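**Q** Model the structure of this input:
(2 chains)
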Amino acid sequence: MTDNQKQEYAADESTDDPTTDDMAIRTDVSESVSASGPTTSGAPVVRAENVDVWYNDDQALQDISLEIPENQVTAMIGPSGCGKSTFLRCINRMNDMIDAARVEGDLHLRGKNVYDDDVDPVALRRRVGMVFQSPNPFPKSIYDNVAYGLKIQNKDGDYDEIVENSLKRAALWDEVKDQLDTSGLDLSGGQQQRLCIARAIAPDPEVILMDEPASALDPVATSKIEDLISELAEEYTVVIVTHNMQQAARISNKTAVFLTGGELVEFDDTEKIFENPDSQRVEDYITGKFG
Amino acid sequence: MATERGTIESFGHVSRTAGTVFRYLLLAATLFGIVALTVLLIYVANDAIRPLTADPGWHLTFLLTLVLPTLAVGAYLFRTDPASFRFGGAIVGTLAVSTMFAGGVAMLFVDIVEPVTWFAYVLALCLALGGVVVIERLDRRLPFLVRFVAAGVIVLVSLLVVPGAVTSLPVYPSDGVLLTLSVGAPIALVVGRYVAAADGRRRRVAAVVATLVVVGLGAFVGPLVGVTPVPATVVLAVAVVPTGGYAIGRIRRNPERRAGLGLAAVILGGTVVGAVAVDALGFAGPQSWVDWGFLTSAHSGTAANAGLYPAIGGSILLMVTVAALSFPLGVGAAVYLEEYAPDNRLTRFIDVNISNLAGVPSVVYGLLGLGVFVTYLGQSTGTVLIGGATLALLILPIVIISAREALRSVPDSMRQASYGMGATRWQTIKNVVLPRAFPGILTGTILALGRAIGETAPLIMIGAPNVLFSLPTALSSKVSAMPLQVYAWASLFASEPFYQAAVPAGVVVLLIVLLSMNSIAIVLRNKYQSDQ
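**A** Coordinates of the predicted model:
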């Protein structure tokens, strides 16, 4: 692992980077931001500039530029195939796994372009948490699931304490504290997804990406996940892709609307998007006339 | 259209005659294979075991002590409590298969490897592994290369120096103690691991100590019932402790299944009581060709005295060699092809050719073994090493294909989750993919070994001797194998007594070994399929 540590995510070394200061005061500013107050403060965590993505010759994203603010929930909505998940996967370079995918443009995470040549995508992903569409805990114990990120990164610290805190933040601790040794696969679907969220936040990431995290769950489990996301936004920057417009309206501060063809049609405060969008296409989509 | 239609009197009838005929033809085709196999097995088993030569009193005694009680208890449990019924069956099955396995292992220590040599190598391996773990723990910040080299040096030094040093000691403990430490201790650690996972860490120590004590008792209790210390220790370690551990662990988790213990007790107790009873009453058992003498003596000019012992030992040694060669190579190739290889022409070419290799007749592999190992590399013919290497080549494609199947069945979402956490490919394979695919890989490998154990043609081609009077003791010793010995009896010593006695007995032993290997594979597969 030392070979990776050597090439640690390049932002660590640049001295003029705002990262270190932001991280130090993160817990202090967190309380002032609530889930309903669309106040943009400080430098954006993620800033995309003219991002284009192709799968072979098909363009999946066209010229996307947006800024994702800190400690807020930013939702990406749009019809199937509009490229919202593709954009999410650009942020932690999971698209690198697909041979056919090609990304152009700049995508900054806390001021560092993640597509720079000196960025190791593995090191980048250690700073970004990701939660997938269907719950995918490892066939390991609950404890080992949450500690996975810490173990592969050789992190120092009291793993027991970090596991407990992560499970508490994921609102799962009370349900599993007596069965940390049992397999994560024995949990219900909603619990599994909260376990995946605990696993994602355990290494303390800069941003948490969620790709339709509730679409495979029943309504009760979905509402728990939604409550949890709102709470997580007090400490973390959350980017969530969802099919469900009501969900976006309920939990997000900012909303980006992608429409067919991979273009970002509108990006603004959630209230504005849902009450008074600038674009007629967005209004049609949101009121169900299209898409 | 449906406006002017009245009520319907009848919907009419559609003929299913052709379909019914087709269905029963298919059923007949399905049953044909099973019926043919059953007839063959009964026929051979009858020739080998000859149950009709026993006294009627013998049959009557076992009917009363074993068959009827088992049927009664079994039928009752099967109706009222199927889970307990299966549990009881599983205990008896585990005991039977593991006792057979223990027999093979005991053979290894009685005639092939001195317990002290084995102990020395186990000790060396433990020191090597311990050294590596210590290096890993001491300072993970040392550069990878430094740790790698240091670990390599420790492994090499301990493997090269320790065995020689231990075996040249002037005095060492008795065989029983050595085996308790070198066979019992690893099993005790495995038991401890399971206990720790189920009951917490505190009980682990108790479980480890209990296992060691039980295994250690073998050396003292064995001689009292006429078994020498080495086999007694091995049977306790490899058969009794795992079966007992399985039964106790299950009961602790599902106490409602303890009725299954009753079934197991009826079967085992019935066997013992029956054996004592026929002995006391003087009833003669069947004059089976598969008896203790057959299993423990070598070939002889007279069919009644001929035995399979060197061939069984040869098969065991061949299996160990084949597994040691084909498992790392096959799994390595499978992991590369599934997880690393880019999708290009070369990979597809390799893909197709692995499938082709799986279909190449075994006699061709024999020829390859002869050409490469004997003619080209100058090895002497018919040794354990080149026999094992040839059979390993033979099953390598099967191991690769089944291991790839197992790796492919790991859901991609698990890999995605791991990569999403910032794991490297190596970490993902090591921590997520391989643990999950391991049961499938193991199942495929056992089935492939089952194919290797029944092969005759490659062994003939590489010049394995037809008849061998002692067990091979080194990789460079000549080796025979069970199917080869049976073939020799059927061809070289073709005479009525051999056809009637030695051949069916050899076939039955071979089939029992093969079927129990397959049943282990199937049980493993079912267990892990239901777990996931």
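**Q** Contacts only, for the residue of chain B found nearest chain A.
**A** Per Cβ to the nearest Cβ, residue B:422 is where chain B lies closest to chain A, at 3.3 Å. Yep, even glycine has a C-beta here, placed from its N, CA and C like the rest. Residue B:422 makes contact with A:122-128, A:149, A:152-153, A:203, according to Cβ atoms under 8 Å, 6 or more residues apart in numbering or on different chains.
**Q** Among these, which ones lie close to chain B?
**A** Of the residues in those, proximity to chain B by Cβ under 8 Å from any Cβ of the partner chain holds for A:122-128, A:149, A:152-153, A:203.
**Q** Quick check: which ranges of chain A have low pLDDT?
**A** Counting by pLDDT under 70, chain A contains low-confidence ranges at A:1-42, A:290-291.
**Q** Going by residue numbers, what spans are strands in it?
**A** A:46-55, A:58-68, A:73-77, A:101-109, A:112-113, A:128-131, A:207-211, A:237-241, A:254-259, A:263-269 (DSSP state E).
**Q** care to break chain B down by domain?
**A** If you go by automatic domain parsing, the domain ranges for chain B are B:2-49, B:56-112+B:173-287, B:304-530.
**Q** Tabulate the ones you listed (a markdown table), appending mean pLDDT.
**A** Putting these into a markdown table (pLDDT from 0 to 100) gives the following:
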| stretch | mean pLDDT |
| --- | --- |
| domain B:2-49 | 89 |
| domain B:56-112+B:173-287 | 87 |
| domain B:304-530 | 90 |
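**Q** and those, which is most packed in?
**A** domain B:304-530 (a mean of 19; mean count of other Cβ atoms under 10 Å in any protein chain shown).
**Q** Could you find the closest non-adjacent residue to residue B:394?
**A** The shortest distance from residue B:394 to any non-neighbouring residue, by Cβ to Cβ, 6 or more residues apart in numbering or on different chains, is to residue B:365 (4.3 Å).
**Q** contacting residues around that neighbour?
**A** So residue B:365 contacts B:390-391, B:393-394, B:458 (Cβ under 8 Å, 6+ apart).
**Q** do the same with residue B:92
**A** Here residue B:92 is in contact with B:263-264, B:267-268 (Cβ under 8 Å, 6+ apart).
**Q** Let me know the distance separating it from residue B:286.
**A** For residue B:92, the distance to residue B:286 equals 21 Å [Cβ to Cβ, to the nearest Å].
**Q** Equivalent analysis for residue B:220, please.
**A** 34 Å.
**Q** Residue B:75 now?
**A** Taken as Cβ to Cβ, the span from residue B:75 to residue B:286 is 26 Å.
**Q** now swap in residue B:151 and tell me
**A** From residue B:151 over to residue B:286 (counting by Cβ to Cβ), the distance is 57 Å.
**Q** again with residue B:404
**A** Taking Cβ to Cβ, one finds residue B:404 at 47 Å from residue B:286.
**Q** I'd assumed residue B:168 was in contact with residue B:120.
**A** No. Assessed by Cβ atoms under 8 Å, residue B:120 is found out of contact with residue B:168, at 9.5 Å.
**Q** The two: which is more packed in?
**A** residue B:120 (22 against 8; other Cβ atoms under 10 Å in any protein chain shown).
**Q** what's the one helix or strand that one maps to packed up against?
**A** If you go by DSSP states H and E, residue B:120 is part of helix B:115-138. The helices and strands touching helix B:115-138, judged by 3 or more Cβ pairs under 8 Å, 6 or more residues apart in numbering or on different chains; DSSP states H and E, are helix B:144-167, helix B:175-179.
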